[in-house]
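**Q** 3D, please:
(chains A, B, C and D, ligands or ions: 2)
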Amino acid sequence: MFDELRDLYDSVILERGRKPRNGTKLAVFDAEAKGDNPMCGDRVHVFVRHEAGRIAELGFAARGCAVSVAAADLMAEAVSGLSDSEALALGNSFEKMTKTGLGDEQSLATLRPMAGVAAYPSRIKCAMLPWVALAAALAGEGTASSE
Amino acid sequence: MFDELRDLYDSVILERGRKPRNGTKLAVFDAEAKGDNPMCGDRVHVFVRHEAGRIAELGFAARGCAVSVAAADLMAEAVSGLSDSEALALGNSFEKMTKTGLGDEQSLATLRPMAGVAAYPSRIKCAMLPWVALAAALAGEGTASSE
Amino acid sequence: MNAMSKSVASRTFDIEAIRADFPILAEKIRGKDLVFLDSGASAQKPVVVMEAMLHAMQHQYANVHRGLHWMSERTTEAYEAARDAAARLMNASDRREIVITHSSTEAFNLVAHSFGRGVLKPGQAVVVSQMEHHANIVPWQMLRDAHGIELRVAPITDAGELDMDGLETLLADGKVGLVSITHMSNVLGTYTPVERIVKLAHAYGAKVMLDGSQAIVHRRVDVQALDVDFYAWTGHKLYGPTGIGILYTKRELQEAMPPFMGGGDMISSVSFEHSSWAEAPHKFEAGTPPILEGIGLRAAIEYVEAIGYDAIAAHESQLTEHALARLSDIEGLTIVGRAQDRGGVISFTMDGAHAHDVATLLDRQGIAVRAGFHCAEPLIRRLGLDSTSRASFGVYTTMGEIDVLADTLERVRGFFG
Amino acid sequence: MNAMSKSVASRTFDIEAIRADFPILAEKIRGKDLVFLDSGASAQKPVVVMEAMLHAMQHQYANVHRGLHWMSERTTEAYEAARDAAARLMNASDRREIVITHSSTEAFNLVAHSFGRGVLKPGQAVVVSQMEHHANIVPWQMLRDAHGIELRVAPITDAGELDMDGLETLLADGKVGLVSITHMSNVLGTYTPVERIVKLAHAYGAKVMLDGSQAIVHRRVDVQALDVDFYAWTGHKLYGPTGIGILYTKRELQEAMPPFMGGGDMISSVSFEHSSWAEAPHKFEAGTPPILEGIGLRAAIEYVEAIGYDAIAAHESQLTEHALARLSDIEGLTIVGRAQDRGGVISFTMDGAHAHDVATLLDRQGIAVRAGFHCAEPLIRRLGLDSTSRASFGVYTTMGEIDVLADTLERVRGFFG
Ligand SMILES: Cc1ncc(COP(=O)(O)O)c(C=O)c1O
Ligand SMILES: Cc1ncc(COP(=O)(O)O)c(C=O)c1O
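**A** Ligands and ions are numbered 1, 2, ... in the order given. Predicted coordinates for the structure are as follows:
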């Protein structure tokens, strides 16, 4: 009955949404920020640890829907090893993909399961929430909102 | 071309509106009040002199349309010799007449030329303005508004 | 004009006839029948409302109140008839008690500014409850911060009912000038005991404002019987257009209340040194009013009156009972709030599935529900939750739609389970 | 959806086709053809506006912004398209600069509260002119009385033009924080030299708000070229529905401005202790917005764009010239205001006939004009008058209608003469 929904609820999203692999606060970190989706209550807290000018590790604590949690979990993997500016550039490409459904850059490989969100405009902000929080963390701001 | 309008602009109204007979401030008076029609700018200032508990004389200064000036002028004649409560009762009958167009009481005889205003709802407040001011004067209030 | 469709004029509750009055219900969503269970956010509009607005735009329209010409006079009559209709619907004793606003939200801001800053004194307090919509919280916070009014919060029970003892405790010191509480929660469906609230508050010298945005859709409201001081609701939830709301204000309170917004229509006289105000209700209605919206709202009120609150309430309680029974049977589903006296607004959570995901899956099947805070964040937090899904009913909701919802929720559970 | 009627899509100014878009123009008043010369108070609505609103109610409606379901998503898009349309119409650089209000009046109250109380400091001054609508006077008086802001009044000349030297004198002491002046007088038809006003005010450190309620109906407005800080107008005068207005607010000013009204949609997070605000423009838009009205206004904007401001302005200046010529010929008639740069709003008085009586006599012939203060009492007093009659034109006004007006006024003179 929900077969049509597999476009959004890709099995990766369902699984990552339920059991994120990177969903832990880091004990040691040098940047962090909270992201809020005020209209619906999704929250994510992102922690970043750098090494040699690159993101060595990203962990998070999230309360929210499968889409936002999966987005955070995949983000953690996708930005690992990137410089801050590379991570932010990837966030921009990701945002484009969530809006158009398209994105065949190599860099988006890990994130591609999220592309189906494009068919659900009101869910795009769920997918973007962790990225907005990451940008705030890297900019040294404490909180951000995806509304 | 304006023959239809004779219902409102009865010749009495046209004449009284242009050259009111009682349109003067009284030199001696014991009650007075201003009436204002805030939406359009009509103003009337009513002066009353009592003798032996009855209205002996009513004068007024008005700036406004033919309807409000004529109404003031006819009112001055109609209330002369009445007690305050009779004057107020007459005002009530007059108001009914302006709304329904009907009023065959003897007491309304002087005022009957105003009956045509009933066909022009937005002009009723022009006809009522002097009466509202009279009521304020008799109640010892300084100003009133027919809006 | 504004004639009611024949199907409504005098009938017992005929759901098929009612549904035919709402053309949007025939729409397909992603190929599925629309099952619109989001009337608590905004209701659909019957044909009579559309016709009334269309008729005005086609045949009889001009600005109101200030015109001396035919179109303006007729439009003024048609617009002012909304005030009469609202007065009749709420059983106000005087049409001048009806202030026409643009929404419930504006009504709360109006009272917070006018009564709040103009009548309440710093040091006094306003009481709201834990289950208020943001529209009945934020204006009082702004009043508190700007004007030194204390804001007190009456507790609710875990069942989602107002804690009357808790309310009385807040009133005890006599400092409370206004109690502003919902008549029906837009999250839990709880009806509050408004007669008792008003009596209690008055006994302690406080005025009472009720948020009827949800209640008046489902229940007869009698402001005289209630003896309430302010009662606010919003047109678009009562099957009327957006952009119009109604604020009942007790006549004896109007004089002391200064205006909220300034502009045309609310003045008696303007000079640069000083302006004086028109009489209420115009004092509170600045600028060109919602003319077309008033004309539409009047048609909506007449539509509701023609069906009748008895029939509406009976239908709603049937739906609600059925929905509570069906949803309670779903494993892992928790109904939020279990008030004794409740109506057709039902919030729920589902183990393992976030409210957003539930809403998206339901939407895929054409079922419209809301998910999130429902503009009542403090209530959701009070309940220890992050969000809920909410189904809410209108006159056009059917038992069959409740079944579709319940069946689909079973499958949603399977999807995430 | 919102498709423009074929007659409008791409045409030069075809008055008959335009009139066909406004069905109300075919109405008879007391047996006479309607001659609607009261568009300055509120304009009639073209079919495209009715269709857009009707389509929403029939096929695509739900509350906006908060919904995760199809109807809500689609309605949000349709509603938010009004913001884009307004931004395009005014050439705003960023759609977030467009705040959707319920009227011009609300826009002035919003700025008076938010910028006035939140940004201006007691001791600073606001400048208005002698020819303002009450909507641009009363909110500043309320600000003055509540917040210690001085209110200064820029003089006008006897011809009804802004006295620019007088304005500069008021600015000289550097205390003025805001100049709020009309772009076009709703009584005299005067266009003010807005480019010069903005430059002058900015040179003295003051921000500028323009009342475009009349101007935007007749003239292209480019907020970037003007470099204006606030620009307000109201939907119902631009052929759109009632209950909606637009406030352009320069992006860089939004951050410092606190919200005006509190409620849903304008918050980021609410707890009883503290609420935080959403980003602009939502910070300024509390509660369910004017959804149907936004959908209607977008259609109105597209209608105006399809005709084009060049054609509109050319038509208007033809009408105005003709009307001034014809009315000047009537003995005992005085045209009020003789500005160099003026548009299709003409006030006049007649010896021996009060404006009300004139309006009633014209109405008897089906001609709708307004009479009185036109919500600009200080201006009428400044001109030494008690009231005027006013004829105002829209895209659908014809030369023939001007002739009917002039011919009938000749006879009115005879009636009272
Ligand atoms: C110049 C001017 N400003 C402001 C307004 C107020 O507009 P609204 O009544 O729609 O708020 C009007 C119209 O009434 C106007 O003509
Ligand atoms: C209980 C309650 N109060 C107030 C409101 C606010 O209504 P509006 O957004 O129309 O101002 C709503 C609806 O959103 C509501 O459900």
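
**Q** most remote residue from chain C's center?
**A** C:Glu273 (39.5 Å; C-alpha atoms, centre = their mean).

**Q** How many residues are close by A:Glu86?
**A** A:Glu86: 14 surrounding residues under other C-beta atoms under 10 Å in any protein chain shown. For glycine as for every other residue, the C-beta is placed from the backbone atoms N, C-alpha and C.

**Q** Please disregard the earlier target; I meant C:Arg19.
**A** For C:Arg19, using other C-beta under 10 Å, the count is 17.

**Q** That one reaches C:Leu25, doesn't it?
**A** Yes: the pair C:Arg19 / C:Leu25 is scored as a contact, 5.3 Å apart, by C-beta atoms under 8 Å.

**Q** Now for the two: what residues contact both?
**A** C:Tyr396 (C-beta atoms under 8 Å, 6 or more residues apart in numbering or on different chains).

**Q** List the contacts of A:Leu88.
**A** By C-beta under 8 Å, 6+ apart, the neighbours of A:Leu88 are A:135, A:138.

**Q** And it, how far from A:Trp131?
**A** 9 Å (C-beta to C-beta, to the nearest Å).

**Q** Likewise for C:Gln224?
**A** Note on C:Gln224: its distance to A:Trp131, by C-beta to C-beta, is 56 Å.

**Q** Between the two, tell me which one has more neighbours.
**A** Neighbours per residue, other C-beta under 10 Å: of C:Gln224 and A:Trp131, the larger number sits with A:Trp131, 28 against 12.

**Q** which residues does that one contact?
**A** A:Trp131 touches A:71, A:75, A:91, A:94-95, counting by C-beta under 8 Å, 6+ apart.

**Q** Tell me how many other residues crowd A:Ala52.
**A** If you count neighbours by other C-beta under 10 Å, A:Ala52 ends up with 6.

**Q** Over to C:Val208?
**A** Using other C-beta under 10 Å, the number of residues around C:Val208 comes to 23.

**Q** Please list the residues of the stretch 1-150 of chain C that sit near chain B.
**A** C:65-68, C:72-73, C:76-77 (C-beta under 8 Å from any C-beta of the partner chain).

**Q** between those, which has the most around it?
**A** Result: C:Leu68 is most packed of these (other C-beta under 10 Å), 29 neighbours.

**Q** Chain A: helices as residue ranges?
**A** A:11-18, A:66-79, A:84-100, A:124-138 (DSSP state H).

**Q** what would those look like in JSON lines with distance to ligand 2 and mean pLDDT?
**A** JSON lines is the format used below for the helices of chain A (distance: least, C-beta to the nearest ligand atom, whole Å; pLDDT from 0 to 100):
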{"stretch": "helix A:11-18", "distance to ligand 2": "29", "mean pLDDT": "87"}
{"stretch": "helix A:66-79", "distance to ligand 2": "24", "mean pLDDT": "95"}
{"stretch": "helix A:84-100", "distance to ligand 2": "28", "mean pLDDT": "95"}
{"stretch": "helix A:124-138", "distance to ligand 2": "20", "mean pLDDT": "93"}
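
**Q** distance of A:Gly59 from A:His45?
**A** In terms of C-beta to C-beta, A:Gly59 sits 9 Å off from A:His45.

**Q** Nice, that's everything, thank you.
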